[in-house]
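In: return atomic coordinates for the entry below.
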Amino acid sequence: MAVPPSLALSDGVRIPQLLFGVAGLTPAETGRAVRIALDVGYRGFDTAPGTEAAVGAALAGTPRDELFVSFKVPAQGYDTARRAADQALTALGVERADLCLLDGTKGAFTDTWRALSRLRADGRVRAVGVAGFGVAELRRLIDATGAVPVLNQVELHPWLQQLPLREFHSERGIVTAASSPAANAGLLADETVTALAAKYGKTPAQIVLRWHLQAGTVAVAASATTTRTRENFGIFDFELADDDLAVVAELDNGTRV
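Out: Next comes the predicted model:
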């Protein structure tokens, strides 16, 4: 069984470069999808608010030291965030999660950050990052708290490569994670991507996810079907050549999905 490569977060925690995401799935779909992903070989899971119990139930029985589990807490102030985090951990059925993300920049996000930092200090999570932050919001958070998130999960794909944000991340040791890594499947019909798929004997989804790995980002791939889940995981036996990476780089047109 293939083992995804991993990246070191700034605090030393290692994160798989390919995570299985469950955003957009119902609780019933989530449990089934996670069990399929486990069978395929995934060991990194990115939960969405409301899915924690279904993910936790599906992961029960798998040795905890084999798993990387991430959850999100919306920006909502110190006390509310602490309660939300405790509820998520209880629903997941774990004493300690690997990563907690402050999700979004609306509301009291600096107070929420302090709550999640306290969670890390108490040993309830191993690392703390953010989701949906731009450069301006990252600067505000860092200036207000003196802390640098270990990771920022944002919309990122060949149509929206976020180069200024990724440069800011690189300067400060922040890992970039990509939600919607294939632009909500829009890239799967892109002529450049389909041509590369034919060239490598791979599917368009595999080309896009391989690009993410070689770009040094963490890709959060979601699927409710066995076929697509297996397909997404089949990206560790080839590499895109430098000239093909350059071709993909030219797809950047600022499209958001």
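
In: where in the protein is pLDDT low?
Out: When residues are selected by pLDDT under 70, those of the chain lie in 1.

In: mind jotting down where the helices sit in it?
Out: Remark: helices assigned in the chain by DSSP state H are 27-40, 52-59, 78-92, 109-121, 135-145, 163-172, 191-200, 204-215, 226-233, 242-249.

In: the third one vs helix 52-59, what angle?
Out: Interaxial angle, helix 78-92 versus helix 52-59 (axes from the mean of the first three to the mean of the last three CA atoms, to 10 degrees): 30 degrees.

In: quick one: buried residues of helix 78-92?
Out: Buried residues in helix 78-92, counting neighbours by 16 or more other CB atoms under 10 Å, are found at 78, 80-82, 84-85, 88-89, 91-92. C-betas here are computed from N, CA, C, even on glycine.

In: which residues touch it?
Out: Helix 78-92 has contacts (CB atoms under 8 Å, 6 or more residues apart in numbering) with 47, 49, 52-53, 55-56, 59, 69, 71, 73-76, 95-97, 100, 102, 108, 111-112, 114-116, 118-119, 124-125.

In: same deal with the fifth one?
Out: Helix 135-145 is touched from outside by 105, 109-110, 113-114, 117, 130, 133, 147-149, 152, 164-165, 168, 172, 174, with contacts defined as CB under 8 Å, 6+ apart.

In: rerun that using 6 Å as the cut-off
Out: Contact with helix 135-145 is made by 105, 110, 113, 148, 165, 168, as judged by CB atoms under 6 Å, 6 or more residues apart in numbering.

In: same deal with the last one?
Out: Contact with helix 242-249 is made by 158, 196, 211, as judged by CB under 6 Å, 6+ apart.

In: dump those residues to JSON lines, plus neighbour count.
Out: Shown next, in JSON lines, are the contacts of helix 242-249 (neighbours: other CB atoms under 10 Å):
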{"residue": "Pro158", "neighbour count": "25"}
{"residue": "Leu196", "neighbour count": "22"}
{"residue": "Trp211", "neighbour count": "27"}
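
In: tell me the one of the buried residues of helix 78-92 nearest Gly186?
Out: Ala88 (30.5 Å; CB to CB).

In: bridging residues for the most centrally placed residue in the chain?
Out: The structure's the chain has its C-alpha centroid closest to Val220; by CA atoms, centre = their mean the separation is 4.2 Å. Val220 has these beta-bridge partners by DSSP bridges: Leu19.

In: where's it relative to His157, distance?
Out: Using CB to CB, to the nearest Å, Val220 is found at 11 Å from His157.

In: now swap in Val208 and tell me
Out: From Val208 over to His157 the distance is 7 Å, taken as CB to CB.

In: repeat that for Arg139.
Out: Relative to His157, and taking CB to CB, Arg139 is found at 24 Å.

In: these two: who's more crowded?
Out: Taking other CB atoms under 10 Å, Arg139 and His157 do not tie; His157 has more neighbours (26 against 13).

In: residue contacts, that one?
Out: His157 touches 181, 183, counting by CB under 6 Å, 6+ apart.

In: again, but for Leu188
Out: 182, 204-205.

In: repeat that with 8 Å
Out: The contact partners of Leu188, by CB under 8 Å, 6+ apart, come to 182, 194, 203-205, 208.

In: ditto for Ala60
Out: Gly93.

In: now swap in Ser223 and tell me
Out: So Ser223 contacts 20, 33, 37, 229, 232 (CB under 8 Å, 6+ apart).

In: before we move on, back to that, can I get the helices of the chain in CSV including distance to Pro5?
Out: Conversion of those to CSV gives the following (distance: least, CB to CB, whole Å):
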stretch, distance to Pro5
helix 27-40, 16
helix 52-59, 22
helix 78-92, 25
helix 109-121, 25
helix 135-145, 25
helix 163-172, 18
helix 191-200, 18
helix 204-215, 7
helix 226-233, 13
helix 242-249, 16
